[in-house]
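Engineer: next one to model:
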Amino acid sequence: MRRVDSLRCSLWGRTFGSPVMLASGTAGFGLELHRMGCLEGVAAVVSKGTTLRPRAGNPPPRVWETRMGLLNSIGLANPGVHHIVREVLPEADSLPCPVIVNVSGDTEEEFAEVVSLLEGSPVPFGYEVNVSCPNVARGGMSFGADPLVVERVSALVRSASSRPFSVKLTPNAGDMAETAMAACAGGADAITVCNTFLGMKVDWRTGRPAMRRGVAGYTSPALLPLVVASVHAVSEAVGVPVLASGGVSRAEDLLELMAAGAEMVQVGSLVLRRPCAAGELLRDAGELLR
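Structural biologist: From the prediction side, this is the model:
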């Protein structure tokens, strides 16, 4: 843990004046927010999840608001890596901040295959390897729950690219510190802590879940203490940067996660409510430090 006295931070050889990143799945590739003028204060955009083949995603409803947070069951809907390399990344090259491409796969080898195809574009600053999506039938929990599998996936990605990458962990199984060490043993250059927590909404009138798949990913400001504890545990266990993700609703949360050991902090659900939240957080955090 440390005392926070500056918002300047560094990641993978680059220095940033803001620690705020946009979390995967909440901002696409940043293009719409850029057109709206809402990328002020954003150090980097972590893209929507990218897979080898196009995915239609889970059936609706995909988002359900609760009293204290948000359930989502998107299912990695995306047009596939070939379309993204050909159509999306060239436009994303105009963003005022770097793009980190979030990568997922149905098999261990598929993670590396997606990264290999992304290597054909000069745009990605690096990658975020998603071994932890809680709302897809394959390519999620089964990978992130086993440190040995996480190490193998990391090693495959490392062999496919010289660009830096982070591994995004799950909070829903296993010991995150142990899994983080396995990711680093495989060659990871950072650890993202963490993906969404498992949640569920049930209609008591019918006895049926709100989401067609039953469980979904849950995000909420109430989860902040859990994320703070996980960031601290992982940062103590590994020697690479930790990227915090989850629970941020105000500038104090941002600074607390940095004090717990995060080099940078991803913001997600807050941006869905307030698209320009990154700039607001940066200004408010600066005022607190002053």
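Engineer: going forward, measure contacts between C-alpha atoms and count neighbours the same way
Structural biologist: Fine.
Engineer: shaky segments in the protein?
Structural biologist: 133-142 (pLDDT under 70).
Engineer: quick one: contacts for residue 223?
Structural biologist: 246, 247 (CA atoms under 8 Å, 6 or more residues apart in numbering).
Engineer: distance of it relative to residue 285?
Structural biologist: Going from residue 223 to residue 285 by CA to CA, to the nearest Å gives 20 Å.
Engineer: cool, and residue 190?
Structural biologist: From residue 190 across to residue 285, the span is 24 Å (CA to CA).
Engineer: who has more neighbours out of the two?
Structural biologist: Set residue 190 next to residue 285 and count neighbours by other CA atoms under 10 Å: residue 190 wins out with 25 against 20.
Engineer: the more buried one and residue 241 touch, don't they?
Structural biologist: Yes. Here residue 190 lies in contact with residue 241, judged by CA atoms under 8 Å, at a distance of 4.9 Å.
Engineer: most remote residue from this protein's center?
Structural biologist: Using CA atoms, centre = their mean, the residue of the chain lying farthest from its centre is residue 205. It sits 35.0 Å away.
Engineer: helix, strand, or coil at that one?
Structural biologist: Using DSSP: H, G, I helix; E, B strand; the rest coil, the secondary structure recorded for residue 205 is coil.
Engineer: for it, what are its contacts?
Structural biologist: With contact set as CA under 8 Å, 6+ apart, residue 205 has no partners.
Engineer: and it, how far from residue 66?
Structural biologist: As judged by CA to CA, residue 205 and residue 66 stand 17 Å apart.
Engineer: what's around residue 63, how many residues?
Structural biologist: Residues within reach of residue 63, counting by other CA under 10 Å, total 16.
Engineer: what's the closest non-adjacent residue to it?
Structural biologist: Computed as CA to CA, 6 or more residues apart in numbering, the closest residue to residue 63 that is not its neighbour in sequence is residue 72, at 4.4 Å.
Engineer: how far away is residue 258 from residue 149?
Structural biologist: Residue 258 sits 29 Å away from residue 149, going by CA to CA.
Engineer: same drill for those two, tell me which one is more crowded.
Structural biologist: The neighbour count for residue 258 versus residue 149, taken as other CA under 10 Å, is higher for residue 258 (25 against 19).
Engineer: hang on, the earlier thing: partners of the residue nearest to residue 63 in the sheet?
Structural biologist: Beta-bridge partners recorded for residue 72 (DSSP bridges): residue 63, residue 217.
Engineer: I'd say it and residue 218 touch.
Structural biologist: Yes. Counting by CA under 8 Å, residue 218 is a contact partner of residue 72 at 6.6 Å.
Engineer: okay, and the common contacts of the two?
Structural biologist: Joint contacts of residue 72 and residue 218 (CA under 8 Å, 6+ apart) do not exist.
Engineer: how about residue 185, what does it touch?
Structural biologist: By CA under 8 Å, 6+ apart, the residues touching residue 185 are residue 151.
Engineer: what do you get for the one 5 residues further on?
Structural biologist: In this structure, residue 190 makes contact with 165, 166, 167, 184, 240, 241, 242, 243, judged by CA under 8 Å, 6+ apart.
Engineer: so which of those are in helices?
Structural biologist: residue 184 (DSSP state H).
Engineer: nearest to residue 36, of the contacts of residue 190?
Structural biologist: Nearest to residue 36 among these: residue 243, at 25.9 Å, using CA to CA.
Engineer: which non-adjacent residue is nearest that closest one?
Structural biologist: On the basis of CA to CA, 6+ apart, the spatially nearest residue to residue 243 that is not a chain neighbour turns out to be residue 192, at 4.6 Å.
Engineer: what number of residues lie near that neighbour?
Structural biologist: Neighbours of residue 192 (other CA under 10 Å): 26.
Engineer: so how far is the first residue of stretch 154-171 from its last?
Structural biologist: Start-to-end span of stretch 154-171 (CA to CA) is 18 Å.
Engineer: just stretch 87-97 next, same as before
Structural biologist: Counting by CA to CA, you get 19 Å between the two ends of stretch 87-97.
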